[in-house]
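>>> My questions are about this predicted structure, shown below with the sequence.
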Amino acid sequence: MPTIAKNNDVITVIIIFAVEPERQQELVDTIVEFLESAVKYQPGFVSASIHKSLDGLRVMTYAQWKTQEDYKAFISNSEVQSQGAKLSNFHVLNSHVYEVVVSQPKDATLKIAKGGLIHLAEFQVKPENQMHLVELEREYVGVGLQNSGLISANFHRSLDGVHNVNYGQ
């Protein structure tokens with residue numbers, strides 16, 4: 001079972017697909033097939049979780065790799081990428097490499113489990129504003145955690161400086 005790595009001992013790759021509701025399960029099945037046939041055998045691969053939006057319009061993968069170099073080697077491997085060719089039939093909204101920058105509460109269990117509900121909020125920022133947003137996330141995470149149904153809030157910043165993601169459980 002994947003665990004959100006608060007100490008950044010892995011990097012996280014989040015890919016978000018846009019999909020028609022009637023094709024959402026087809027996309028999930030295509031991703032699972034690619035993970036099972038190729039991705040999980042790649043050096044440095046740690047884990048992956050697949051999330052379906054309740055409205056049927058999105059699918060998200062949350063994958064962990066030991067290093068950014070491992071991930072780069074994977075995406076540069078043309079043989080492996082040809083095995084995932086079916087994914088090109090679906091629209092990628094965005095794909096970024098992230099690190100965890102805020103994780104609250106400190107004692108929360110950060111296991112990603114089948115059937116668990118998540119809230120995903122994406123923020124696009126100018127690179128010069130990304131760390132300011134991280135500071136705001138640190139400052140205001142407690143407000144969100146006042147919601148009795150929210151177990152944890154985990155903010156990730158993209159290493160390219162243009163996205164932050166809140167992965168709430």
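Cool, got the structure.
>>> contacting residues around the longest strand anywhere in the chain?
Determined from DSSP state E, the single longest strand within the chain is strand 91-104. With contact meaning Cβ atoms under 8 Å, 6 or more residues apart in numbering, strand 91-104 is reached by 4-6, 8, 11-19, 58, 68, 71, 110, 122, 134, 137-138, 141-142, 145, 152-160, 162-165. For the C-beta atoms, the positions are set from N, CA and C on the backbone; glycine is no exception.
>>> For ChimeraX, write the selection for the buried entries among those.
What follows is the ChimeraX syntax for the buried subset of the contacts of strand 91-104, where burial is set by 16 or more other Cβ atoms under 10 Å:
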select :4,5,11,12,13,14,15,16,17,19,58,71,110,134,137,141,145,152,153,154,155,156,157,158,162,163,164,165
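>>> per-residue pLDDT, Ile14?
pLDDT, Ile14: 94.
>>> Check the offset of the helix or strand containing it from the chain's centre.
If you go by DSSP states H and E, Ile14 is part of strand 11-18. Between the centre of strand 11-18 and the centre of its chain there are 4 Å (Cα atoms, centre = their mean, to the nearest Å).
>>> cool, stretch 135-147 as well?
Taking Cα atoms, centre = their mean, one finds stretch 135-147 lying 20 Å from the centre of the chain it belongs to.
>>> could you give the mean pLDDT of it?
So the average pLDDT for stretch 135-147 ends up being 83.
>>> Stretch 76-84 too?
90.
>>> three-state assignment of the residue lying closest to Leu87 once chain neighbours are set aside?
Spatial nearest neighbour of Leu87, chain neighbours left out: Thr30 (6.0 Å); criterion: Cβ to Cβ, 6 or more residues apart in numbering. Under DSSP: H, G, I helix; E, B strand; the rest coil, Thr30 falls in the helix class.
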